[in-house]
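Novice: no FASTA, just this:
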């Protein structure tokens with residue numbers, strides 16, 4: 001009988017990861033800006049007669065092993081940073097930083113009296129790392145191929161020179177050969193299954209997505225800019241062709257990533273897939289974690 005209960009206990013511990021027992025992870029979505037482009041510019045086949053609400057968030061995670069920010073959103077000098085690029089790229093990156101979006105992430109963290117241990121970036125496009133300039137003393141974790149992308153001449157109109165400096169505390173990492181939710185490589189940030197990084201190359205060479213496992217019923221997948229509009233996953237379509245030319249490093253790979261997201265949603269519909277700029281999806285995430293809209 002003792003042997004039976006011992007086997008049962010072992011199976012129970014194996015079957016249910018630590019995050020499903022008692023949540024040790026607190027998540028907060030920090031809004032840093034917004035935009036209202038025409039829907040047709042965000043998704044192939046979208047309407048040209050209605051606007052699409054976009055947001056520029058940063059995702060804060062507080063855990064017993066550390067406090068982490070996933071992306072920074074727009075920083076204090078966002079408007080000045082956009083002056084680095086040609087006029088048509090500035091038009092493509094228009095945004096608003098009004099009071100409703102709570103301001104730059106560094107200011108929000110200061111008000112919350114929160115000190116970061118590190119920042120992990122989904123990718124190095126302007127609207128995801130603009131705030132690095134305001135947090136120069138915080139280590140920034142990034143894949144080697146993504147760091148190299150920042151130094152490639154004319155890498156992308158969305159990668160601005162003023163975003164980075166010699167003082168940026170880059171810390172590179174490699175994904176491990178450990179399958180996670182259908183993705184061949186992953187990285188368990190806190191080694192307890194609460195935050196798991198996977199590769200999403202295509203939009204940029206070293207783009208990553210982040211699985212967030214607060215509890216067995218509170219699971220999300222932050223997919224950065226693989227798509228801007230969540231309907232793209234449902235319909236299996238990419239961004240509008242001009243947007244693809246501007247934003248996606250390898251559009252064919254992005255299509256593969258969209259197919260993977262479709263497959264994930266079919267297998268695990270309980271996981272909320274969140275494109276960073278889809279305001280409706282981000283609001284659904286806030287609702288899931290109990291954060292006021």
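Specialist: Received the coordinates, thanks. Not measured: the values here are computed from a predicted model.

Novice: tell me the secondary structure at residue 129.
Specialist: helix (DSSP: H, G, I helix; E, B strand; the rest coil).

Novice: nope, residue 67 is what I meant
Specialist: strand.

Novice: contacting residues for the residue most central in space within the chain?
Specialist: Geometric centre of the chain, nearest residue: residue 224, 3.8 Å, by CA atoms, centre = their mean. By CB atoms under 8 Å, 6 or more residues apart in numbering, the contact list for residue 224 reads 71, 122, 123, 128, 200, 203, 207, 208, 209, 275, 276. No exception for glycine: its C-beta is placed from N, CA and C like everyone else's.

Novice: those in helices, which ones?
Specialist: residue 128 (DSSP state H).

Novice: quick check, nearest of the contacts of residue 224 to residue 144?
Specialist: Of all these, residue 208 has the smallest distance to residue 144: 12.1 Å, by CB to CB.

Novice: count the residues that sit near the closest one.
Specialist: 27 (other CB atoms under 10 Å).

Novice: same check on residue 109?
Specialist: 22.

Novice: can you pull the contacts of the nearest residue to it once chain neighbours are set aside?
Specialist: Counting by CB to CB, 6 or more residues apart in numbering, residue 116 is the residue found nearest to residue 109 once chain neighbours are left out, at 6.8 Å. Counting by CB under 8 Å, 6+ apart, residue 116 touches 67, 68, 69, 109, 135, 138.

Novice: repeat that for 10 Å
Specialist: 60, 66-69, 72, 105-106, 109, 135, 137-139 (CB atoms under 10 Å, 6 or more residues apart in numbering).

Novice: output the contacting helices and strands for the longest helix anywhere in the chain.
Specialist: Selection of the longest helix in the chain by residue count, based on DSSP H, yields helix 251-267. Applying 3 or more CB pairs under 10 Å, 6 or more residues apart in numbering; DSSP states H and E, we find helix 251-267 packed against strand 208-215, strand 218-222, helix 231-235, helix 241-247, strand 272-274.

Novice: so which of the ones you listed gets nearest residue 152?
Specialist: helix 241-247 (15.5 Å).

Novice: tell me which residues in that closest one are buried?
Specialist: 243, 244, 246, 247 (16 or more other CB atoms under 10 Å).

Novice: about what we covered before: any idea how far the residue nearest to residue 109 lies from residue 283?
Specialist: 25 Å (CB to CB, to the nearest Å).

Novice: cool, residue 131 as well?
Specialist: On the measure of CB to CB, residue 131 and residue 283 end up 21 Å apart.

Novice: tell me where this protein is predicted with low confidence.
Specialist: Applying pLDDT under 70 to the chain flags residues 1-23, 84-101, 153-155.

Novice: and the strands in it?
Specialist: Here the chain has its strands, by DSSP state E, at 26-35, 54-63, 66-70, 118-120, 140-142, 170-172, 186-188, 195-199, 208-215, 218-222, 272-274.

Novice: related to what we said a few turns ago, and the longest helix of the chain, which residues are buried?
Specialist: 253, 254, 255, 257, 258, 260, 261, 262, 264, 265.

Novice: beta-bridge partners for residue 38, please?
Specialist: residue 51 (DSSP bridges).

Novice: with residue 58 instead?
Specialist: residue 30.

Novice: count of neighbours near it?
Specialist: Applying other CB under 10 Å, I find that residue 58 has 26 neighbouring residues.

Novice: doesn't residue 134 make contact with it?
Specialist: No: Residue 58 is beyond contact range of residue 134, at 11.1 Å (criterion: CB atoms under 10 Å).

Novice: what sits in contact with each of those two?
Specialist: Common neighbours of residue 58 and residue 134 (CB under 10 Å, 6+ apart) are 72, 75, 104, 105, 106, 109.

Novice: now flag whichever of those residues is closest to residue 169.
Specialist: Out of the shared contacts of residue 58 and residue 134, the member with the shortest distance to residue 169 (by CB to CB) is residue 72, at 13.4 Å.
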